[in-house]
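A.B. asks: build me a model:
(one chain, ligands or ions: 1)
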Amino acid sequence: MEIKQKFIQIYGREPQVFSAPGRVNLIGEHTDYNDGFVLPMAIERRTWIAAARREDRVVRCISTSFDSQIEFELSEDLKPEADWANHLRGIVACLLRDEYTLCGADILIDSDIPLGAGLSSSAALEVATGYTLLKLAGQPVDLVDLALAAQRAEQEFTGTQCGIMDQYIACLGVRGHALMIDCRTLEYRAVPIDSDSIVPGPRVVICNTMVRHDLTDGEYNRRRAECEEGVRRLSSHLPGIQALRDVEIEDFDHFAGSLPETIRRRCNHVITENARTLEAVNALSLGDMKLFGQLMYASHKSLSLDYEVSCPELDLMVGTASRIKGVYGARMTGGGFGGCTVNLVERDQVDNFVAEISKRYKAETGITPESYVTTASNGVRVEH
Ligand code: GLA
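C.D. replies: Below is the predicted model of the structure:
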């Protein structure tokens, strides 16, 4: 394994190797922080960490993606600093505060998850780092606890008040399956996605608009605050609701008129998206890819018009996909404002789809997109 050899060259000793995946969300967008439902899967692209224990409390780390080195001491009082170091400092501080024992380590990081593309490269880095340091210290790993610590690290060290989806799937992804996660109870149901029992079998193709997304500019947190405002206002009509997850579509339709326009549209997205996600899980279980695809298009429309987290390039990519042969459905995936679309494509049409979408998107925008065909992979793991 290349990372192992590189580690030996740099640090002069044998490492252990761990990895965590990026993710793509099939449906259920901006529902996680509303206690709702999501349907992500771990992708084949991963972040790998080669690491060896140190006897002091220093974490020394080199990243091939950033071509730079950082060093810090284990402490629960670590504060945010610059860029990628925050993901490591954050997970260390959060695990120590959870009273885990960690040890110092020499670390080498490598990744093939594109950065800033909405495929959760940062969650993969947080989860892989936390897992590595726990394993090196001989600690038992509770994957849900690790996901929660990584979520807090993201929130505190980058300022984005994210939900649990990305860190959860990076920890608990199941090969060949998407996970329907209940973001309130933190339970999941694994639904086969690469199964041969679905005829004709779908393939997941991710298309990168190459427009970088940045959730730290405040729009993401604003959406979250708008949803909370919606709950506050609706609770005067619907006492007892804790989150938009608790609002039925019929009740919402009844009281929506009392909400300010923007809040109403944000709530409409979340409430209908939760319903679409549950319906999509059923459709996938029954192998009804046509219905699943329709729900993907409806999700995109709602994200674009009501939630306003799309952008012209994402809209173009989805519209273009919908006119290509063999496409069941397409939508933006992840936080939005750029990044990637997820497309469900008939298996024997994948090559044609990738060629066509690249050609047409480039002709319209002048940008050469990237496409990643992927199966569903495992969550964080020890590499052998
Ligand atoms: C980002 C966040 C997730 C989730 C998605 C939108 O990826 O990290 O928690 O809210 O956006 O579904």
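A.B. asks: now the longest strand seen in the chain: how far from the chain's centre is it?
C.D. replies: The longest strand of the chain (DSSP state E) is strand 40-53. Distance of strand 40-53 from the chain centroid (CA atoms, centre = their mean, to the nearest Å) equals 14 Å.
A.B. asks: equivalent analysis for stretch 355-375, please.
C.D. replies: On the basis of CA atoms, centre = their mean, stretch 355-375 sits 21 Å off its chain's mean C-alpha point.
A.B. asks: what does it rub up against?
C.D. replies: 24, 43-45, 114, 175-176, 194, 203-211, 313, 316-317, 320-321, 324, 343, 350, 354 (CB atoms under 8 Å, 6 or more residues apart in numbering). Just so you know, the C-beta spots here come from the backbone N, C-alpha and C atoms, and that holds for glycine as well.
A.B. asks: stretch 136-143 too?
C.D. replies: Contacts for stretch 136-143 (CB under 8 Å, 6+ apart): 16, 51-53, 100-103, 105, 131, 134-135, 171-172, 379-380.
A.B. asks: what about 6 Å?
C.D. replies: Residues from elsewhere that reach stretch 136-143 (CB atoms under 6 Å, 6 or more residues apart in numbering): 53, 100-103, 105, 134, 171-172.
A.B. asks: in PyMOL, how would I select the buried members of those?
C.D. replies: The PyMOL selection below is limited to those of the contacts of stretch 136-143 classed as buried (16 or more other CB atoms under 10 Å):
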select buried, resi 53+100+102+103+105+134+171+172
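A.B. asks: export the contacts of stretch 136-143 to a markdown table and tack on secondary structure and pLDDT?
C.D. replies: Below are the contacts of stretch 136-143 laid out as a markdown table (DSSP: H, G, I helix; E, B strand; the rest coil; pLDDT from 0 to 100):
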| residue | secondary structure | pLDDT |
| --- | --- | --- |
| R53 | strand | 98 |
| Y100 | coil | 96 |
| T101 | coil | 96 |
| L102 | coil | 97 |
| C103 | coil | 95 |
| A105 | strand | 98 |
| L134 | helix | 98 |
| C171 | helix | 98 |
| L172 | helix | 98 |
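A.B. asks: in JSON lines: the contacts of stretch 136-143, plus distance to the ligand.
C.D. replies: Below are the contacts of stretch 136-143 laid out as JSON lines (distance: CB to the nearest ligand atom, whole Å):
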{"residue": "R53", "distance to the ligand": "31"}
{"residue": "Y100", "distance to the ligand": "23"}
{"residue": "T101", "distance to the ligand": "28"}
{"residue": "L102", "distance to the ligand": "24"}
{"residue": "C103", "distance to the ligand": "29"}
{"residue": "A105", "distance to the ligand": "26"}
{"residue": "L134", "distance to the ligand": "22"}
{"residue": "C171", "distance to the ligand": "13"}
{"residue": "L172", "distance to the ligand": "15"}
